[in-house]
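Trainee: quick one, what's the 3D model for this:
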Amino acid sequence: MNLNNILKQLSITNASQTLAPHWDSSTSSLPPTLPSFLTPENITETRQLAGLAAAADPQLYKTAQQIACSPQLLHLAWHCHRLLYHHLDYDSAKIGQWPILTQALGELSGAFYLLIALAAVPQIRAVHQQLDIPDPISRDTCCHYPEPVRMYQEHHGGNFGMLPRALYWFRNHIQGDLYRLGRLEFMVKPFRGQLQAFRHRQTRAVTALANAESQFDAAGLSTTSDAANSWRASLEEDKEKIVGFPISPRGFAQNRPLTLALNEWERVLTPGDSILEIHIPGGGNMTLERCRASMQQALEFFPRYFPQKDFVGFACGSWILNPQLEQIYRPDSNMVLWQRELYLFPIPSGDRSGVYFVFGKDDIDIHSASRTTSMRRALLDHMSAGGRLIGGGMFMLLEDFEHFGTQVYHQQ
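Mentor: Okay, here's the model as predicted:
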(Lines give C-alpha, C1' and ligand atoms only; values in the text may rest on other atoms or scores of the structure.)
Protein backbone atom coordinates (compact mmCIF):
# COMPACT_ATOMS: atom_id res chain seq x y z
CA MET A 1 0.00 0.00 0.00
CA ASN A 2 1.12 3.52 -0.80
CA LEU A 3 1.78 5.66 2.29
CA ASN A 4 0.46 8.88 0.78
CA ASN A 5 -2.78 7.18 -0.29
CA ILE A 6 -3.26 5.73 3.18
CA LEU A 7 -2.72 9.09 4.86
CA LYS A 8 -5.14 10.73 2.45
CA GLN A 9 -7.82 8.13 3.14
CA LEU A 10 -7.35 8.65 6.88
CA SER A 11 -7.55 12.45 6.47
CA ILE A 12 -4.01 12.88 7.79
CA THR A 13 -1.99 15.80 6.48
CA ASN A 14 1.65 16.85 6.87
CA ALA A 15 2.82 13.44 8.11
CA SER A 16 4.21 11.82 4.97
CA GLN A 17 7.80 12.88 5.53
CA THR A 18 7.72 11.90 9.19
CA LEU A 19 6.36 8.42 8.50
CA ALA A 20 8.17 7.67 5.23
CA PRO A 21 11.29 5.91 6.62
CA HIS A 22 11.13 2.10 6.37
CA TRP A 23 7.58 2.13 4.96
CA ASP A 24 8.34 -0.53 2.32
CA SER A 25 9.93 -2.76 4.97
CA SER A 26 6.85 -2.49 7.16
CA THR A 27 4.50 -3.22 4.26
CA SER A 28 6.39 -6.35 3.27
CA SER A 29 6.63 -7.64 6.86
CA LEU A 30 2.96 -7.23 7.83
CA PRO A 31 1.91 -10.70 9.04
CA PRO A 32 -0.98 -12.52 7.31
CA THR A 33 -2.80 -12.80 10.64
CA LEU A 34 -3.68 -10.06 13.11
CA PRO A 35 -0.55 -8.79 14.93
CA SER A 36 -0.51 -10.11 18.46
CA PHE A 37 -0.67 -6.67 20.09
CA LEU A 38 -4.16 -6.25 18.58
CA THR A 39 -5.68 -9.51 19.85
CA PRO A 40 -8.08 -9.36 22.84
CA GLU A 41 -6.21 -11.93 24.91
CA ASN A 42 -2.90 -10.10 24.44
CA ILE A 43 -4.48 -6.74 25.20
CA THR A 44 -5.89 -8.02 28.50
CA GLU A 45 -2.61 -9.59 29.59
CA THR A 46 -0.42 -6.59 28.73
CA ARG A 47 -2.90 -4.14 30.23
CA GLN A 48 -2.77 -6.04 33.51
CA LEU A 49 1.02 -6.19 33.56
CA ALA A 50 1.16 -2.48 32.75
CA GLY A 51 -0.82 -1.67 35.88
CA LEU A 52 -3.82 -0.20 34.07
CA ALA A 53 -7.40 -0.61 35.25
CA ALA A 54 -9.73 -3.15 33.61
CA ALA A 55 -11.92 -0.18 32.65
CA ALA A 56 -9.48 0.39 29.77
CA ASP A 57 -10.36 -2.92 28.08
CA PRO A 58 -13.56 -1.90 26.25
CA GLN A 59 -11.91 1.07 24.53
CA LEU A 60 -8.79 -0.94 23.71
CA TYR A 61 -10.85 -3.83 22.30
CA LYS A 62 -12.97 -1.47 20.23
CA THR A 63 -9.95 0.35 18.86
CA ALA A 64 -8.19 -2.89 17.97
CA GLN A 65 -11.31 -4.09 16.18
CA GLN A 66 -11.53 -0.91 14.13
CA ILE A 67 -7.85 -1.21 13.23
CA ALA A 68 -8.35 -4.84 12.19
CA CYS A 69 -11.28 -3.89 9.95
CA SER A 70 -9.40 -1.09 8.18
CA PRO A 71 -6.44 -1.97 5.91
CA GLN A 72 -5.29 1.64 6.18
CA LEU A 73 -5.27 1.70 10.00
CA LEU A 74 -3.74 -1.78 10.15
CA HIS A 75 -0.83 -0.83 7.91
CA LEU A 76 -0.27 2.38 9.86
CA ALA A 77 -0.40 0.63 13.25
CA TRP A 78 2.06 -2.03 12.10
CA HIS A 79 4.37 0.62 10.64
CA CYS A 80 4.37 2.65 13.88
CA HIS A 81 5.03 -0.55 15.82
CA ARG A 82 8.00 -1.36 13.59
CA LEU A 83 9.43 2.17 13.70
CA LEU A 84 9.24 2.24 17.48
CA TYR A 85 10.55 -1.21 18.34
CA HIS A 86 12.40 -2.59 15.33
CA HIS A 87 13.98 0.37 13.54
CA LEU A 88 15.86 1.85 16.46
CA ASP A 89 17.76 4.10 14.07
CA TYR A 90 14.51 5.99 13.45
CA ASP A 91 14.76 9.43 15.05
CA SER A 92 13.01 9.40 18.43
CA ALA A 93 12.09 13.06 18.02
CA LYS A 94 9.93 12.15 15.03
CA ILE A 95 7.86 9.76 17.14
CA GLY A 96 6.42 12.72 18.99
CA GLN A 97 5.32 14.18 15.64
CA TRP A 98 3.14 11.22 14.67
CA PRO A 99 -0.40 12.28 13.69
CA ILE A 100 -3.39 12.26 16.00
CA LEU A 101 -6.03 10.10 14.28
CA THR A 102 -9.02 12.22 15.17
CA GLN A 103 -10.77 11.87 11.81
CA ALA A 104 -10.33 8.11 11.63
CA LEU A 105 -10.90 7.13 15.26
CA GLY A 106 -12.47 10.08 17.08
CA GLU A 107 -12.27 9.67 20.85
CA LEU A 108 -10.35 6.39 20.38
CA SER A 109 -7.39 8.11 18.70
CA GLY A 110 -5.29 7.95 21.88
CA ALA A 111 -6.08 4.25 22.33
CA PHE A 112 -4.40 3.64 18.96
CA TYR A 113 -1.07 4.69 20.45
CA LEU A 114 -1.76 3.05 23.80
CA LEU A 115 -2.08 -0.30 22.00
CA ILE A 116 1.30 0.29 20.37
CA ALA A 117 2.77 1.28 23.75
CA LEU A 118 1.44 -1.88 25.40
CA ALA A 119 3.23 -3.94 22.76
CA ALA A 120 6.43 -3.18 24.67
CA VAL A 121 5.35 -5.29 27.65
CA PRO A 122 5.98 -8.79 26.24
CA GLN A 123 9.29 -7.56 24.81
CA ILE A 124 10.34 -6.20 28.19
CA ARG A 125 9.41 -9.44 29.91
CA ALA A 126 11.30 -11.53 27.36
CA VAL A 127 14.48 -9.47 27.70
CA HIS A 128 14.27 -9.59 31.48
CA GLN A 129 13.88 -13.36 31.45
CA GLN A 130 17.02 -13.67 29.31
CA LEU A 131 18.89 -11.51 31.82
CA ASP A 132 17.46 -13.38 34.87
CA ILE A 133 15.95 -10.18 36.21
CA PRO A 134 13.74 -10.99 39.24
CA ASP A 135 10.07 -11.05 38.37
CA PRO A 136 9.03 -8.34 40.90
CA ILE A 137 11.51 -5.91 39.34
CA SER A 138 10.33 -6.86 35.86
CA ARG A 139 6.73 -6.21 36.84
CA ASP A 140 7.58 -2.87 38.48
CA THR A 141 9.50 -1.80 35.37
CA CYS A 142 6.43 -2.55 33.24
CA CYS A 143 4.32 -0.17 35.31
CA HIS A 144 5.43 2.99 33.53
CA TYR A 145 1.99 3.31 31.93
CA PRO A 146 -0.50 4.65 34.52
CA GLU A 147 0.91 8.18 34.75
CA PRO A 148 0.99 9.07 31.01
CA VAL A 149 -2.46 7.47 30.67
CA ARG A 150 -3.77 9.52 33.60
CA MET A 151 -2.37 12.69 32.02
CA TYR A 152 -4.06 11.79 28.74
CA GLN A 153 -7.41 11.13 30.42
CA GLU A 154 -7.41 14.50 32.17
CA HIS A 155 -7.45 16.35 28.87
CA HIS A 156 -9.44 13.88 26.76
CA GLY A 157 -12.71 13.37 28.58
CA GLY A 158 -11.55 10.41 30.64
CA ASN A 159 -10.77 8.30 27.56
CA PHE A 160 -7.90 5.85 27.79
CA GLY A 161 -4.97 6.67 25.56
CA MET A 162 -1.44 7.94 25.19
CA LEU A 163 0.14 10.73 23.20
CA PRO A 164 2.81 9.86 20.62
CA ARG A 165 5.34 11.97 22.51
CA ALA A 166 5.34 9.40 25.34
CA LEU A 167 6.18 6.40 23.14
CA TYR A 168 9.91 6.86 22.58
CA TRP A 169 10.63 6.10 26.25
CA PHE A 170 9.71 2.43 25.82
CA ARG A 171 12.80 1.94 23.67
CA ASN A 172 14.84 2.10 26.87
CA HIS A 173 12.71 -0.67 28.37
CA ILE A 174 12.79 -3.12 25.48
CA GLN A 175 16.59 -2.92 25.22
CA GLY A 176 16.95 -3.94 28.85
CA ASP A 177 18.55 -0.64 29.83
CA LEU A 178 16.01 0.97 32.18
CA TYR A 179 14.78 -0.49 35.47
CA ARG A 180 12.42 0.71 38.14
CA LEU A 181 13.86 -0.03 41.55
CA GLY A 182 11.52 1.27 44.19
CA ARG A 183 10.50 4.90 43.69
CA LEU A 184 13.00 5.74 40.93
CA GLU A 185 14.15 4.42 37.55
CA PHE A 186 17.80 3.93 36.59
CA MET A 187 20.00 3.13 33.61
CA VAL A 188 23.75 3.28 33.04
CA LYS A 189 24.55 6.19 30.74
CA PRO A 190 27.39 8.63 29.99
CA PHE A 191 27.35 11.71 32.20
CA ARG A 192 25.93 14.62 30.20
CA GLY A 193 26.63 17.51 32.57
CA GLN A 194 28.93 20.19 31.19
CA LEU A 195 31.30 20.28 34.13
CA GLN A 196 34.25 18.58 35.76
CA ALA A 197 34.20 17.62 39.43
CA PHE A 198 37.22 17.39 41.73
CA ARG A 199 37.68 15.88 45.19
CA HIS A 200 40.11 17.18 47.77
CA ARG A 201 42.54 14.40 48.58
CA GLN A 202 42.51 15.13 52.33
CA THR A 203 39.14 16.63 53.27
CA ARG A 204 37.20 14.66 50.58
CA ALA A 205 35.20 17.80 49.74
CA VAL A 206 33.91 18.05 46.16
CA THR A 207 34.00 21.08 43.87
CA ALA A 208 32.64 21.32 40.31
CA LEU A 209 34.04 23.63 37.63
CA ALA A 210 32.04 24.60 34.54
CA ASN A 211 33.31 23.44 31.17
CA ALA A 212 34.98 26.02 28.97
CA GLU A 213 32.58 28.18 26.93
CA SER A 214 29.60 27.33 29.13
CA GLN A 215 27.41 30.43 29.19
CA PHE A 216 25.49 31.77 32.16
CA ASP A 217 23.28 34.69 33.10
CA ALA A 218 23.87 37.05 36.00
CA ALA A 219 22.26 34.58 38.43
CA GLY A 220 24.57 31.77 37.34
CA LEU A 221 21.95 29.84 35.37
CA SER A 222 22.62 28.34 31.95
CA THR A 223 21.68 30.61 29.04
CA THR A 224 22.18 30.98 25.31
CA SER A 225 21.51 34.71 25.42
CA ASP A 226 24.26 37.21 24.68
CA ALA A 227 22.68 39.77 26.95
CA ALA A 228 24.98 42.33 28.54
CA ASN A 229 24.95 40.56 31.89
CA SER A 230 25.71 37.06 30.53
CA TRP A 231 29.19 35.59 30.83
CA ARG A 232 31.22 32.60 29.63
CA ALA A 233 33.27 30.24 31.72
CA SER A 234 36.82 29.24 30.92
CA LEU A 235 38.79 26.21 32.05
CA GLU A 236 42.60 26.20 31.86
CA GLU A 237 44.92 23.47 33.07
CA ASP A 238 48.63 22.85 33.32
CA LYS A 239 50.70 20.26 35.18
CA GLU A 240 50.23 21.94 38.53
CA LYS A 241 46.78 23.48 38.60
CA ILE A 242 43.42 23.95 36.97
CA VAL A 243 41.67 27.32 36.89
CA GLY A 244 37.95 27.55 36.22
CA PHE A 245 34.62 28.92 37.37
CA PRO A 246 32.98 27.00 40.22
CA ILE A 247 29.43 25.73 40.39
CA SER A 248 27.82 25.90 43.80
CA PRO A 249 26.24 22.64 45.03
CA ARG A 250 23.03 24.66 45.17
CA GLY A 251 22.96 24.80 41.37
CA PHE A 252 24.39 28.19 40.36
CA ALA A 253 27.62 28.97 38.51
CA GLN A 254 29.77 31.66 40.12
CA ASN A 255 31.47 34.38 38.09
CA ARG A 256 34.77 34.27 39.93
CA PRO A 257 37.76 32.12 38.93
CA LEU A 258 38.92 29.38 41.29
CA THR A 259 42.33 27.71 41.26
CA LEU A 260 42.70 24.08 42.28
CA ALA A 261 46.16 22.64 42.89
CA LEU A 262 46.30 19.22 41.25
CA ASN A 263 48.49 17.80 44.00
CA GLU A 264 45.59 18.55 46.36
CA TRP A 265 42.57 17.85 44.13
CA GLU A 266 41.81 14.79 41.99
CA ARG A 267 39.39 14.73 39.05
CA VAL A 268 36.43 12.44 39.86
CA LEU A 269 33.76 13.24 37.22
CA THR A 270 33.89 14.46 33.61
CA PRO A 271 31.41 14.41 30.71
CA GLY A 272 31.17 10.91 29.29
CA ASP A 273 31.93 9.08 32.52
CA SER A 274 29.49 6.25 33.20
CA ILE A 275 26.86 7.08 35.81
CA LEU A 276 23.55 5.72 36.99
CA GLU A 277 21.14 8.09 35.28
CA ILE A 278 18.04 8.59 37.42
CA HIS A 279 14.57 9.09 35.99
CA ILE A 280 11.62 10.03 38.13
CA PRO A 281 8.28 8.37 37.38
CA GLY A 282 5.21 10.40 38.20
CA GLY A 283 3.07 9.52 41.16
CA GLY A 284 4.15 11.66 44.11
CA ASN A 285 5.24 10.38 47.53
CA MET A 286 8.87 10.95 46.62
CA THR A 287 10.05 10.97 50.22
CA LEU A 288 13.69 11.18 51.19
CA GLU A 289 13.49 7.70 52.68
CA ARG A 290 12.05 6.20 49.48
CA CYS A 291 14.68 7.94 47.34
CA ARG A 292 17.49 6.69 49.56
CA ALA A 293 16.13 3.12 49.49
CA SER A 294 15.71 3.25 45.72
CA MET A 295 19.26 4.53 45.15
CA GLN A 296 20.63 1.88 47.53
CA GLN A 297 18.74 -0.80 45.62
CA ALA A 298 20.29 0.44 42.36
CA LEU A 299 23.78 0.20 43.87
CA GLU A 300 23.10 -3.47 44.59
CA PHE A 301 21.12 -4.33 41.44
CA PHE A 302 23.41 -3.12 38.64
CA PRO A 303 26.69 -4.69 39.87
CA ARG A 304 24.84 -7.97 40.32
CA TYR A 305 23.05 -8.15 36.96
CA PHE A 306 25.34 -5.95 34.87
CA PRO A 307 28.83 -6.43 36.37
CA GLN A 308 30.40 -5.23 33.14
CA LYS A 309 28.83 -1.79 33.55
CA ASP A 310 30.88 0.36 35.90
CA PHE A 311 29.66 3.74 37.14
CA VAL A 312 31.03 6.48 39.35
CA GLY A 313 27.80 7.84 40.81
CA PHE A 314 24.28 9.06 40.12
CA ALA A 315 23.14 11.88 37.83
CA CYS A 316 19.86 13.34 36.65
CA GLY A 317 18.42 16.25 34.70
CA SER A 318 14.85 17.29 35.45
CA TRP A 319 12.44 20.12 36.14
CA ILE A 320 12.32 18.71 39.66
CA LEU A 321 15.94 19.86 40.08
CA ASN A 322 15.10 23.51 39.44
CA PRO A 323 17.35 25.25 42.01
CA GLN A 324 14.69 27.93 42.51
CA LEU A 325 12.02 25.39 43.47
CA GLU A 326 12.25 26.05 47.19
CA GLN A 327 11.25 29.68 46.53
CA ILE A 328 8.59 28.78 43.95
CA TYR A 329 7.03 25.92 45.89
CA ARG A 330 7.84 24.84 49.47
CA PRO A 331 11.25 24.49 51.14
CA ASP A 332 9.94 21.43 53.04
CA SER A 333 8.61 19.61 49.96
CA ASN A 334 9.94 16.15 49.14
CA MET A 335 11.55 17.40 45.94
CA VAL A 336 13.46 20.19 47.69
CA LEU A 337 14.56 17.84 50.49
CA TRP A 338 15.98 15.48 47.84
CA GLN A 339 17.74 18.38 46.11
CA ARG A 340 19.60 19.22 49.30
CA GLU A 341 21.24 15.80 49.33
CA LEU A 342 22.69 16.28 45.84
CA TYR A 343 25.22 18.42 43.99
CA LEU A 344 23.07 20.59 41.74
CA PHE A 345 24.28 22.24 38.54
CA PRO A 346 22.70 24.40 35.80
CA ILE A 347 21.62 22.90 32.48
CA PRO A 348 20.22 24.46 29.29
CA SER A 349 16.49 24.94 29.77
CA GLY A 350 13.39 26.57 28.40
CA ASP A 351 11.05 28.81 30.37
CA ARG A 352 8.34 26.22 31.08
CA SER A 353 10.21 23.10 32.16
CA GLY A 354 7.92 20.65 33.89
CA VAL A 355 4.65 22.13 32.66
CA TYR A 356 3.82 19.00 30.65
CA PHE A 357 4.51 16.68 33.59
CA VAL A 358 2.51 18.76 36.07
CA PHE A 359 -0.43 19.74 33.85
CA GLY A 360 -0.41 16.98 31.20
CA LYS A 361 0.09 19.42 28.31
CA ASP A 362 2.51 22.14 27.29
CA ASP A 363 0.15 24.77 25.93
CA ILE A 364 -1.62 25.77 29.12
CA ASP A 365 -3.27 29.12 29.68
CA ILE A 366 -1.81 30.28 32.99
CA HIS A 367 -5.02 32.19 33.75
CA SER A 368 -7.42 29.27 33.27
CA ALA A 369 -5.29 26.15 33.85
CA SER A 370 -6.32 23.69 36.54
CA ARG A 371 -5.24 24.67 40.06
CA THR A 372 -6.27 21.40 41.72
CA THR A 373 -2.91 20.75 43.47
CA SER A 374 -0.57 22.88 45.55
CA MET A 375 2.19 22.33 42.97
CA ARG A 376 -0.01 23.55 40.14
CA ARG A 377 -1.02 26.63 42.09
CA ALA A 378 2.58 27.44 42.94
CA LEU A 379 3.80 27.11 39.36
CA LEU A 380 0.90 29.13 37.96
CA ASP A 381 1.44 31.89 40.49
CA HIS A 382 5.14 31.98 39.61
CA MET A 383 4.48 32.16 35.86
CA SER A 384 1.74 34.76 36.34
CA ALA A 385 4.29 36.97 38.07
CA GLY A 386 6.59 36.65 35.05
CA GLY A 387 8.81 33.90 36.48
CA ARG A 388 10.57 31.18 34.49
CA LEU A 389 10.35 27.45 35.09
CA ILE A 390 13.77 25.97 34.45
CA GLY A 391 15.28 22.54 34.69
CA GLY A 392 18.41 21.58 36.58
CA GLY A 393 20.95 18.80 36.89
CA MET A 394 22.48 16.88 39.75
CA PHE A 395 25.16 14.34 40.55
CA MET A 396 26.07 12.30 43.60
CA LEU A 397 29.32 10.35 43.65
CA LEU A 398 29.46 6.80 44.99
CA GLU A 399 31.80 7.69 47.82
CA ASP A 400 29.33 10.24 49.11
CA PHE A 401 26.19 8.11 49.11
CA GLU A 402 26.94 6.78 52.59
CA HIS A 403 26.37 10.36 53.77
CA PHE A 404 22.94 10.62 52.15
CA GLY A 405 20.69 12.40 54.60
CA THR A 406 23.36 14.80 55.88
CA GLN A 407 23.32 17.27 52.94
CA VAL A 408 26.96 16.36 52.38
CA TYR A 409 27.59 18.76 49.46
CA HIS A 410 25.57 21.67 50.83
CA GLN A 411 27.27 21.46 54.22
CA GLN A 412 30.87 21.38 52.98
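Trainee: contacting residues for the residue nearest in space to the middle of the chain?
Mentor: Nearest to the geometric centre of the chain sits His279, at 5.6 Å (C-alpha atoms, centre = their mean). The neighbours of His279, taking C-beta atoms under 8 Å, 6 or more residues apart in numbering as the test, are 178, 184-187, 316. Glycine gets a C-beta too; all of them are placed from N, C-alpha and C.
Trainee: let's see it at 10 Å
Mentor: By C-beta atoms under 10 Å, 6 or more residues apart in numbering, the contact set of His279 is 144, 169, 172, 178, 180, 184-187, 316-318.
Trainee: just name the closest of the residues you listed to Gln103, please.
Mentor: Trp169 (26.9 Å; C-beta to C-beta).
Trainee: secondary structure element holding the closest residue to the closest one other than its chain neighbours?
Mentor: Computed as C-beta to C-beta, 6 or more residues apart in numbering, the closest residue to Trp169 that is not its neighbour in sequence is His144, at 7.0 Å. Assigned by DSSP states H and E, His144 falls within no helix or strand.
Trainee: what about His144, distance to Ala293?
Mentor: His144 sits at a distance of 19 Å from Ala293 (criterion: C-beta to C-beta, to the nearest Å).
Trainee: more neighbours: which of those two?
Mentor: Shown here are His144 and Ala293; by other C-beta atoms under 10 Å, His144 has more neighbours (26 against 15).
Trainee: do you know how far that one is from Ala104?
Mentor: 27 Å.
Trainee: how about Leu258, what does it touch?
Mentor: 198, 207, 209, 242-246.
Trainee: in JSON lines: the residues you listed, plus distance to Asp351, neighbour count and pLDDT.
Mentor: Supplementary listing: these in JSON lines, determined by distance: C-beta to C-beta, whole Å; neighbours: other C-beta atoms under 10 Å; pLDDT from 0 to 100:
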{"residue": "Phe198", "distance to Asp351": "32", "neighbour count": "22", "pLDDT": "98"}
{"residue": "Thr207", "distance to Asp351": "30", "neighbour count": "20", "pLDDT": "98"}
{"residue": "Leu209", "distance to Asp351": "27", "neighbour count": "26", "pLDDT": "98"}
{"residue": "Ile242", "distance to Asp351": "33", "neighbour count": "18", "pLDDT": "98"}
{"residue": "Val243", "distance to Asp351": "33", "neighbour count": "14", "pLDDT": "98"}
{"residue": "Gly244", "distance to Asp351": "28", "neighbour count": "24", "pLDDT": "98"}
{"residue": "Phe245", "distance to Asp351": "24", "neighbour count": "24", "pLDDT": "98"}
{"residue": "Pro246", "distance to Asp351": "26", "neighbour count": "21", "pLDDT": "98"}
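Trainee: was I right about Leu269 contacting Phe395?
Mentor: Yes - if you go by C-beta atoms under 10 Å, Leu269 and Phe395 touch, sitting 6.3 Å apart.
Trainee: what's Arg287 sitting at in phi/psi?
Mentor: For residue 287 the amino acid is Thr, not Arg. phi -70, psi 160 (degrees, to the nearest 10).
Trainee: that one: what's its closest spatial neighbour, skipping adjacent residues?
Mentor: Nearest one to Thr287, counting by C-beta to C-beta, 6+ apart, is Asn334 at 5.4 Å.
Trainee: again, but for Ala56
Mentor: In space, Ala56 is closest to Phe160, 4.2 Å off (C-beta to C-beta, 6+ apart).
Trainee: counting neighbours, what do you get for the nearest residue to Pro21 once chain neighbours are set aside?
Mentor: Counting by C-beta to C-beta, 6+ apart, Pro21 lies nearest to Tyr90, which is 5.7 Å off, once chain neighbours are set aside. By the measure other C-beta under 10 Å, the count of residues near Tyr90 is 19.
Trainee: need the contact list for Tyr90.
Mentor: Counting by C-beta under 10 Å, 6+ apart, Tyr90 touches 18-19, 21-22, 82-84, 168, 171.
Trainee: hang on, it in a helix?
Mentor: No - using DSSP: H, G, I helix; E, B strand; the rest coil, the secondary structure at Tyr90 is coil, not a helix.
Trainee: which one's more surrounded, Leu269 and Phe395?
Mentor: Higher neighbour count among Leu269 and Phe395: Phe395, with 27 against 22, using other C-beta under 10 Å.
Trainee: for stretch 255-267, buried residues please.
Mentor: Judged by neighbour count (16 or more other C-beta atoms under 10 Å), stretch 255-267 contains these buried residues: 260, 265.
Trainee: which intervals of this structure have sub-threshold pLDDT?
Mentor: Nowhere does the chain drop to pLDDT under 70.
Trainee: and the longest helix for the protein?
Mentor: In the chain, taking DSSP state H as the definition, the longest helix is helix 288-305.
Trainee: tell me the helix or strand right after that helix.
Mentor: Following helix 288-305 in sequence order, the next helix or strand is strand 313-318 (DSSP H and E).
Trainee: against which helices or strands is that next one packed?
Mentor: The helices and strands touching strand 313-318, judged by 3 or more C-beta pairs under 10 Å, 6 or more residues apart in numbering; DSSP states H and E, are strand 184-190, strand 265-269, strand 274-279, helix 288-305, strand 343-346, strand 392-397.
Trainee: ok, now with 7 Å
Mentor: strand 274-279, strand 392-397 (3 or more C-beta pairs under 7 Å, 6 or more residues apart in numbering; DSSP states H and E).
Trainee: need those in TSV (columns: distance to Leu52).
Mentor: TSV is the format used below for those (distance: least, C-beta to C-beta, whole Å):
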stretch	distance to Leu52
strand 274-279	20
strand 392-397	31
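Trainee: got a list of what Gln103 touches?
Mentor: Contacts for Gln103 (C-beta atoms under 7 Å, 6 or more residues apart in numbering) come out as 10-11.
Trainee: the same query, at a cut-off of 6 Å, please.
Mentor: Shown in contact with Gln103 (C-beta atoms under 6 Å, 6 or more residues apart in numbering): Ser11.
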